[in-house]
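Participant: Got a sequence here, can you model it:
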Amino acid sequence: MIRIFILSLFLLPASGLAANFSDKEPIELKKYLGLWYELARTPNDNQDNTPTIDGKKFSICYETTATYSSGDEGYVNIRNVCNRYAEDGTRFEDAITGAAKIFEDPTQRKLGIAFGSGFAQFFQRLISGGGFDYWIYQVGPETPEGLYSWALVSGESRNYLFVLGRTPTLSAGEKAKILKAAEEEGLPVSKLVFVQQYPKK
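Facilitator: Alright, predicted model coming up:
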């Protein structure tokens, strides 16, 4: 079985809670729930690998989405999905579920991610001090449905970045605004790849 990608940073270095978000508005987690499209990412081994399954070589991740829902108290449930394609058009859905622990931070911007079974999550949290970094640096204005329209996700080290949106595409104006916000946060904009939601034919 292939090593399933994880949008939210499994196997990236764990870190403490030193980053200061005290000057930011608290995140309202109910506005963060629901379906997100991955609009851009810094390359990583879990999504940008090309696995071979049953003799077929499959592509990197396309059409990547993450769905967040309410979990146990202090947790958010996560389901990450991407599609991979073989040259003959065969599609493989690469998916994994997990949970994000909400750290004790008044802004609710610091979460710790763990994926897989209950035991796997326990082990990941044990070795990482609560879960692998998932820190929400910026969110966009609310949609008509009352949800955040986009989000910038990284960790304390700021050496990776995911850009999430409620729709699979961005206007030029929205893209410029998001990139400016990422630059202001010191996030690695120059390494971003705006991943197509569908592969080139």
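
Participant: From here on, just use CA atoms for contacts and neighbour counts.
Facilitator: Will do.

Participant: Report the helix or strand with the lowest average pLDDT across the chain.
Facilitator: Among the helical and strand segments of the chain, the one scoring lowest on mean pLDDT, DSSP states H and E is helix 118-128, with a mean of 63.

Participant: Distance from the helix or strand just after it to the middle of the chain?
Facilitator: Once the chain leaves helix 118-128, the next helix or strand it forms, by DSSP states H and E, is strand 132-139. From the chain centre to the centre of strand 132-139 is a distance of 9 Å (CA atoms, centre = their mean, to the nearest Å).

Participant: Determine the set of other helices and strands touching strand 132-139.
Facilitator: strand 110-115, strand 150-154 (3 or more CA pairs under 8 Å, 6 or more residues apart in numbering; DSSP states H and E).

Participant: Contacts for the shortest one next, please.
Facilitator: By CA atoms under 8 Å, 6 or more residues apart in numbering, the surrounding residues in contact with strand 150-154 are 133-141, 160-166, 182, 187.

Participant: 10 Å - rerun?
Facilitator: Strand 150-154 is contacted by residues 7-9, 32, 36-41, 109-110, 133-143, 160-167, 170, 174, 178-179, 181-182, 185, 187-188 when judged by CA atoms under 10 Å, 6 or more residues apart in numbering.

Participant: Which of those residues are buried, as a ChimeraX select command?
Facilitator: Buried residues within the contacts of strand 150-154, by 16 or more other CA atoms under 10 Å, are selected in ChimeraX with:
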select :7,8,9,32,36,37,38,39,40,41,109,110,133,134,135,136,137,138,139,140,160,161,162,163,164,165,166,178,179,181,182,187,188
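
Participant: gap between the residue of the chain most remote from its centre and residue 87?
Facilitator: Centroid-distance maximum for the chain: residue 55 at 29.6 Å, with CA atoms, centre = their mean. From residue 55 over to residue 87 the distance is 12 Å, taken as CA to CA, to the nearest Å.

Participant: mind checking the SS state of residue 31?
Facilitator: helix (DSSP: H, G, I helix; E, B strand; the rest coil).

Participant: again with residue 68
Facilitator: strand.

Participant: Let me know the pLDDT of it.
Facilitator: We have a pLDDT of 95 for residue 68.

Participant: can you pull the buried residues of stretch 141-155?
Facilitator: Neighbour-count burial for stretch 141-155, counted by 16+ other CA under 10 Å, picks out 147-155.
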